[in-house]
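Undergrad: Dropping a prediction and its sequence here:
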Amino acid sequence: MKNVIEIENLTKSYGKNRGVCDVSLSVGEGDIFGFLGPNGAGKSTTIRAMLGFIGFDSGSIRVLGKDIKTSREEILRDVGYMPSEAMFYPTMKVRDVIKMAADIRKADCSKEAAMLCERLKVDTEKRISELSLGNRKKVSIVCAMQHRPKLFVFDEPTSGLDPLMQTEFFALIDDYVKDGATCLFSTHVLPEIKRCCKNAAIMSEGRVIRVDSVSELTRTNSKRIKMVRDGVEEDFIYEGELNDLWRELEGHDIGDILIEEPSLEEIFLRFYKN
């Protein structure tokens with residue numbers, strides 16, 4: 001399987017403000033790749049450098065087999081990018097914004113756009129200024145998908161979408177990937193990574209701290225323990241062997257105990273602590 005994205009030792013400095021440092025990752029063809037980290041971790045900076053929107057100090061980036069520094073326009077023709085904030089001309093009608101996005105690419109996307117608008121329940125006759133955040137997001141999704149690109153890049157795409165539209169959005173991603181596309185999905189919402197991604201990179205403070213399959217990243221022997229011991233309620237994450245816990249509890253008055261899997265947030269928090 002060939003790589004659609006190859007980033008090696010990417011460094012981008014903003015002076016005193018943190019950028020990204022020595023970032024390396026690759027995304028294989030047909031993958032739905034999660035790009036995970038808290039706000040300010042460097043995800044958006046990496047994406048903007050990857051698409052040629054900002055320069056970088058050192059390293060190399062290849063997208064769809066081409067160098068972003070020498071083939072930016074050619075690369076972007078085959079990319080569908082959705083930024084974290086959807087900004088459009090407020091007085092334009094939705095249908096005109098969608099058509100303008102297609103016209104910039106010199107493509108007739110009317111059939112695909114109509115399908116996307118139907119599935120996402122987009123009212124094309126409204127003006128942008130009349131739309132909620134969620135509905136502006138849906139317009140941005142249509143603009144990113146309507147030309148059926150080889151690579152989708154979504155930066156925090158689901159904020160503002162209601163649960164039904166989130167489900168439809170993920171279904172659309174699955175449909176396009178089954179037809180041969182690849183997707184880089186940046187988010188700080190952990191359940192979304194487990195819901196749709198095969199592999200993921202975790203960023204913290206401008207660096208990639210782990211790249212692995214989502215199944216490996218979410219694998220844990222930790223347990224959340226909730227119990228009443230000696231009349232006191234306790235709630236904690238236990239990372240040892242349960243047999244050791246039983247020995248620790250010997251001689252105590254256990255009024256109640258519940259053992260369950262930790263949340264995704266608790267599982268991923270260990271990466272940021274190390």
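TA: Okay, I see it.
Undergrad: separation between the closest residue to Ile193 other than its chain neighbours and Tyr238?
TA: Nearest residue to Ile193, sequence neighbours excluded (CB to CB, 6 or more residues apart in numbering): Gly34, at 4.1 Å. For glycine as for every other residue, the C-beta is placed from the backbone atoms N, C-alpha and C. From Gly34 across to Tyr238, the span is 27 Å (CB to CB, to the nearest Å).
Undergrad: Who has more neighbours out of the two?
TA: Each of Gly34 and Tyr238 has its neighbours counted (other CB atoms under 10 Å); Gly34 has more, 24 against 16.
Undergrad: Could you check which helix or strand contains that one?
TA: Taking DSSP states H and E as the criterion, Gly34 maps to strand 32-36.
Undergrad: Need the CA coordinates for the next helix or strand after that strand. CSV is fine.
TA: Using DSSP H and E, the helix or strand that directly follows strand 32-36 along the chain is helix 43-50. Only the C-alpha atoms of helix 43-50 are listed here, as CSV (Å, rounded to 0.1, in the frame of the first residue of the first chain):
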residue,chain,number,x,y,z
LYS,A,43,-2.5,19.8,14.4
SER,A,44,-3.7,22.8,12.4
THR,A,45,-0.2,24.1,11.8
THR,A,46,0.9,20.7,10.5
ILE,A,47,-2.2,20.5,8.2
ARG,A,48,-1.6,24.1,6.8
ALA,A,49,2.0,23.3,6.1
MET,A,50,1.0,20.0,4.5
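Undergrad: For helix 43-50, buried residues please.
TA: Of the residues in helix 43-50, Lys43, Ser44, Thr45, Thr46, Ile47, Arg48, Ala49, Met50 count as buried by neighbour count, 16 or more other CB atoms under 10 Å.
Undergrad: Tell me which residues touch Val79, please.
TA: By CB atoms under 8 Å, 6 or more residues apart in numbering, the contact set of Val79 is Leu51, Val63, Leu64, Pro149, Lys150, Leu151, Phe152, Val153.
Undergrad: rewinding a little: helices or strands up against the strand holding Gly34?
TA: Strand 32-36 sits against helix 43-50, helix 163-178, strand 182-187, helix 190-196, strand 199-204, with contacts defined as 3 or more CB pairs under 8 Å, 6 or more residues apart in numbering; DSSP states H and E.
Undergrad: Show me what it pairs with in its sheet, parallel or antiparallel.
TA: Strand 32-36 sits in its sheet next to strand 182-187 (parallel), strand 199-204 (parallel), going by DSSP bridges.
Undergrad: Quick one: those as CSV, columns for mean neighbour count, mean pLDDT and distance to Met87 too.
TA: CSV is the format used below for those (neighbours: other CB atoms under 10 Å; pLDDT from 0 to 100; distance: least, CB to CB, whole Å):
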stretch, mean neighbour count, mean pLDDT, distance to Met87
strand 182-187, 24, 92, 17
strand 199-204, 23, 91, 24
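Undergrad: Would you format those as JSON lines with distance to Glu248 included?
TA: Below are those laid out as JSON lines (distance: least, CB to CB, whole Å):
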{"stretch": "strand 182-187", "distance to Glu248": "38"}
{"stretch": "strand 199-204", "distance to Glu248": "32"}
